[in-house]
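[1] need a structure here:
(one chain, ligands or ions: 1)
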Amino acid sequence: MKKITLFLISLCICFSADIHAQGKRSSIPLKHGAHRIGKRTDPEMQRWREHGLGQFIHWGLYSIPGGFWKGQYYDYAAEQIRSWDLVPNEEYDNLCNEFNPTAFDARKWARQAKEMGARYLIFTTKHHDGFCMWPSKYTDFTIANSPYKKDIVKQVVDAYNREGIDVILYFSIMDWHHPDFRGSINNPEDSLANERFKQFTRNQLLELVTNYPTLKGLWFDGTWHAAWKQEAEFADNLEKELRILKPDLIIGSRFRPDDYGKRGTDSNGDLMGDYEQGWERDLPNSKEELYGNDWDCVMTIPENQWGYHSEWKGYVKTAYDLIEMLVKSVSMDGNFVLNFGPDSKGNIRPEETRIAGEIGKWMKTNNEAIYACTASELKPQGWGYFTQKENKLYLTVFNRPINNRVKFEVPKGTIKIRKAYLLADKREMDIIDGGRNKKDDLLYQIAIPKGFTPDQPFVIVIELEDNRNDKNQYQQALT
Ligand code: H76
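    Numbering: from 1, shown residues only. Here you go, the predicted structure:
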């Protein structure tokens with residue numbers, strides 16, 4: 001019962017709207033609130049902002065049961081099976097003695113990610129179950145004590161970096177295995193345990209940043225329990241310490257609570273961290289929901305499975321769905337991160353491989369509309385999404401109009417169009433001047449050549465005459 005409650009609480013809190021709330025500003029004095037208003041403007045953050053597409057990998061002991069315990073189907077996310085009533089903790093923890101991914105080849109994964117077009121990876125070093133995929137000095141519950149023995153985090157970091165892919169390490173503060181972990185503090189003994197646990201957390205994080213110096217950032221999870229929400233000062237100091245070790249480290253909004261235990265955005269409505277981390281299996285509908293922050297969306301292919309679940313139930317997204325989410329994210333200045341859950345032997349499942357291939361095929365032709373692109377000032381239309389880079393506007397068409405005309409409106413006195421062409425084959429396209437509307441916006445239609453019938457969404461490039469938007473993106477980041 002306790003376990004189920006913990007799980008449900010985590011779900012509710014994790015997905016509650018509270019982490020997006022950033023509407024009204026107030027000015028409550030805070031010691032541990034946001035330390036910066038607005039976006040970071042340094043080159044590392046700019047690099048992150050330009051990635052467009054990322055890959056998430058959830059891999060750990062949970063890939064062995066793969067969503068089944070003694071033949072029973074676990075209906076929730078497979079990586080959380082340890083919290084199921086049916087699963088005795090000790091039996092789960094003994095999976096450490098079985099973890100032996102003989103098919104694991106980090107370079108193969110990295111090549112596949114590169115082919116898909118991913119520019120960064122978020123990799124689980126330790127999920128809520130507490131099992132460490134690196135040989136941490138601070139616990140025995142690590143890969144070093146599995147039959148496999150070798151450092152998985154190192155292999156992943158090295159292989160992805162070799163392919164030019166940046167790595168961000170996922171770390172769960174919540175640790176169901178550690179004897180000192182407390183979800184809440186109810187007596188002096190809990191307090192003492194919690195102090196020890198905080199040191200353990202600090203040690204592990206300093207260890208990760210030191211061991212893997214090429215990492216670009218940390219992606220925190222499992223920070224919604226009552227005990228952590230009281231640790232504003234500790235978390236703030238720890239974040240500072242980590243940034244001393246690596247000044248340009250990228251840390252999302254899911255790490256620190258503020259003085260009042262508020263997460264994500266502080267009690268004044270300001271984002272804590274370098275980017276908004278609240279978009280989990282969820283996309284904003286419009287830029288208004290983003291308050292000008294950097295953000296990324298992390299998405300699963302099936303409904304809600306991050307770690308390997310041998311039987312996906314429910315709707316499984318197609319490459320088409322995911323490409324649309326990717327373009328939509330970039331059209332609102334975000335990155336899109338697609339999750340993979342390899343099996344216990346280290347194989348990426350065939351469904352994921354197929355999808356990675358399809359996305360990669362699309363990216364090969366169209367990545368110009370993704371990498372280093374930003375939102376456009378033009379109003380979205382029903383046919384798809386605008387993205388923009390320097391003097392080019394990209395129109396990615398998902399819903400091809402039946403009259404083969406893609407229309408849009410340009411506010412008077414803003415951009416001037418030089419020409420339009422299909423990104424796929426550079427074929428120039430006719431631009432039909434549609435006059436003006438009531439608000440004096442200029443109306444345009446671009447004619448899609450009749451014989452052009454791609455089986456994937458396609459991109460129209462509009463070259464602009466005047467380089468009004470050719471300020472570099474640092475400039476935009478300053479706004
Ligand atoms: C709830 C929750 C966790 N956050 C996602 C990124 C998965 O790791 C899931 O287990």
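
[2] Please, where are all the strands along the stretch 251-400 of the chain?
    276-280, 295-299, 334-340, 384-389, 392-397 (DSSP state E, counting those that start in this stretch).

[3] Might you enumerate the residues of the stretch 201-350 of the chain proximal to the ligand?
    Those residues of the stretch 201-350 of the chain that sit near the ligand, judged by Cβ under 6 Å from any ligand atom, are 221, 280, 298, 306. (Each C-beta comes from the backbone N, C-alpha and C, glycine too.)

[4] ranking those residues by neighbours, who comes first?
    Highest neighbour count within those: residue 306, with 26 neighbours (other Cβ atoms under 10 Å).

[5] Surely that one and residue 81 touch.
    No. The pair residue 306 / residue 81 is not scored as a contact, 11.5 Å apart, by Cβ atoms under 8 Å.

[6] which helix is the longest one in the chain?
    Secondary structure of the chain read by DSSP state H shows that its longest helix is helix 188-211.

[7] Can you mark which positions in that helix are buried?
    Residues of helix 188-211 classed as buried: 190, 193-194, 197-198, 200-202, 204-205, 207-209, 211 (neighbour count, 16 or more other Cβ atoms under 10 Å).

[8] Turn those residues into JSON lines, columns for pLDDT.
    Shown next, in JSON lines, are the buried residues of helix 188-211 (pLDDT from 0 to 100):
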{"residue": "190", "pLDDT": "98"}
{"residue": "193", "pLDDT": "98"}
{"residue": "194", "pLDDT": "98"}
{"residue": "197", "pLDDT": "98"}
{"residue": "198", "pLDDT": "98"}
{"residue": "200", "pLDDT": "99"}
{"residue": "201", "pLDDT": "98"}
{"residue": "202", "pLDDT": "98"}
{"residue": "204", "pLDDT": "99"}
{"residue": "205", "pLDDT": "98"}
{"residue": "207", "pLDDT": "98"}
{"residue": "208", "pLDDT": "98"}
{"residue": "209", "pLDDT": "98"}
{"residue": "211", "pLDDT": "98"}
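
[9] Farthest-apart pair in the residues you listed, please.
    With distances taken as Cβ to Cβ, the most widely separated pair in the buried residues of helix 188-211 is 190 and 211, at 30.6 Å.

[10] about what we covered before: centre of the chain versus the longest helix of the chain, how much separation?
    With Cα atoms, centre = their mean, to the nearest Å as the basis, helix 188-211 stands 25 Å off its chain's centre.

[11] The very next helix or strand once past it pairs with which strands?
    Following helix 188-211 in sequence order, the next helix or strand is strand 217-221 (DSSP states H and E). Take DSSP bridges as the rule and strand 217-221 pairs in its sheet with strand 166-172 (parallel), strand 250-251 (parallel).

[12] Give me the phi and psi for residue 153.
    Residue 153 adopts backbone torsions of phi -60, psi -40, taken as degrees, to the nearest 10.

[13] so it touches residue 136, yeah?
    No. Using Cβ under 8 Å, residue 153 is not in contact with residue 136, being 9.7 Å away.

[14] out of the two, which sits in the more crowded spot?
    residue 153 (24 against 21).

[15] Out of the strands paired with strand 217-221, which gets nearest to residue 327?
    Once the strands paired with strand 217-221 are compared by Cβ to Cβ, strand 166-172 is nearest, at 21.1 Å.

[16] Could you see whether the ligand lies near that closest one?
    No. Strand 166-172 does not reach the ligand (Cβ under 6 Å from any ligand atom); its nearest approach is 7.3 Å.

[17] Which residues are in contact with the residue of the stretch 201-350 of the chain found nearest the ligand?
    Nearest residue of the stretch 201-350 of the chain to the ligand: residue 306, at 4.2 Å (Cβ to the nearest ligand atom). Listed by Cβ atoms under 8 Å, 6 or more residues apart in numbering, the contact set of residue 306 reads 56, 58, 77, 78, 79, 300, 339, 341.

[18] Alright, I will stop here.
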